[in-house]
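Asks: Task: produce atomic coordinates for the following.
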Amino acid sequence: MIVVSNADGSIRQVNAPQALADVPIPPTTNGYQINFYYPSQVGSVVGGVYQVSGSPFVSWLVTNPVPNSSTYQLQISESGAPYGLIKQWTYTYSAGTWSLQPLGGAIQQSGT
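Replies: Now for the predicted structure:
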């Protein structure tokens, strides 16, 4: 496994035998995205990062959907071509308890 870091020490890429995890410049100030590529999509290193071809086989977006609120939330979304949004979970922290609500809100789980 090879880890490529940004100048500030944060993770930019992780190249493992099964996949390359690419963490580009965040699409929002409230989170980050992780794109996963098959080894066949990974090229040489240019400018310190592995070059990739095609679309990622899956992407994960981790955000705080309500950044200016006193409510603590973490939303994790999984998407992949050609399906778009596949799964999504929203975690909310309130009164010492985390609750989980999957996409659609059909099930809610709570715990500490």
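Asks: Number of residues surrounding Thr90?
Replies: Neighbour count of Thr90, defined by other Cβ atoms under 10 Å: 19. From N, CA and C alone the C-beta is placed, and that goes for glycine too.
Asks: which residues sit in contact with it?
Replies: 65, 73-75, 100-102 (Cβ atoms under 8 Å, 6 or more residues apart in numbering).
Asks: Buried only: go through those for me.
Replies: Buried subset of the contacts of Thr90 (neighbour count, 16 or more other Cβ atoms under 10 Å): 73-75, 101.
Asks: Of all pairs in these, which one is the farthest apart?
Replies: Leu74 and Gln101 (11.3 Å; Cβ to Cβ).
Asks: where does stretch 74-85 sit relative to the chain's centre, distance-wise?
Replies: 9 Å (Cα atoms, centre = their mean, to the nearest Å).
Asks: Which residues does that stretch contact?
Replies: 31, 55-65, 86-91, 103.
Asks: Show the contacting residues for Val14.
Replies: Contacts of Val14 (Cβ under 8 Å, 6+ apart): 1-4, 20-21.
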